[in-house]
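A.B. asks: Pasted the sequence and its predicted model underneath.
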Amino acid sequence: MCAVLVGGMDRLHRDYIETAKSLGVSLKVFNGQERSIEKQLGKTDMVILCTGKVSHSARREVVKHAGANHIPVRMIHSAGVSALRCCIEECPLRNACPGCLPR
């Protein structure tokens with residue numbers, strides 16, 4: 001499964017990726033300050049939005065793109081690694097994807 005994290009803390013960038021990898025998920029991380037995030041999202045199975053650490057315009061852009069392409073969006077307020085871990089573990093798509101580890 002491929003997921004995109006928008007928001008979060010820059011200093012945890014590597015920790016986000018390593019945590020997702022340990023759960024069998026390939027993760028791309030954007031801090032939410034990039035211009036035109038929509039073009040960079042590409043094909044993904046899920047978008048995770050850290051609402052406490054992303055601009056309103058970036059959130060609107062990501063939600064609009066995800067809705068138009070039928071991509072599920074999970075919104076979490078916390079930008080911690082444990083919040084990301086819980087979000088991925090609770091994902092209903094996780095076991096349906098061939099690249100994911102079984103629970």
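C.D. replies: Good, I have the coordinates.

A.B. asks: now residue 31, nearest residue through space, not along the chain?
C.D. replies: residue 10 (5.8 Å; C-beta to C-beta, 6 or more residues apart in numbering). Where you see a C-beta, it was placed from the backbone N, CA and C, and this is true even at glycine.

A.B. asks: Repeat that for residue 76.
C.D. replies: Using C-beta to C-beta, 6+ apart, the closest residue to residue 76 is residue 83 (5.0 Å).

A.B. asks: Now do the contacts for the one you found.
C.D. replies: 50, 76-77 (C-beta atoms under 8 Å, 6 or more residues apart in numbering).

A.B. asks: Could you name the helices and strands sitting against the least confident helix or strand in the chain by mean pLDDT?
C.D. replies: One helix or strand of the chain scores below all others by mean pLDDT, DSSP states H and E: helix 37-41, with a mean of 74. Packing partners of helix 37-41 (3 or more C-beta pairs under 8 Å, 6 or more residues apart in numbering; DSSP states H and E): helix 56-68.

A.B. asks: Paired strands for whatever helix or strand comes next after the helix it packs on, with orientation please.
C.D. replies: Using DSSP states H and E, the helix or strand that follows helix 56-68 in sequence is strand 73-76. Strand pairing for strand 73-76, using DSSP bridges, gives strand 46-50 (parallel).

A.B. asks: pLDDT on the partner strand, on average?
C.D. replies: Averaged across strand 46-50, the pLDDT comes to 90.

A.B. asks: roughly how far out does it sit from the chain middle?
C.D. replies: 3 Å (C-alpha atoms, centre = their mean, to the nearest Å).

A.B. asks: residues making contact with that strand?
C.D. replies: Residues contacting strand 46-50 (C-beta under 8 Å, 6+ apart): 1, 3-8, 32, 41, 59, 62-63, 66, 71-79, 83-84, 87-88, 91, 93.
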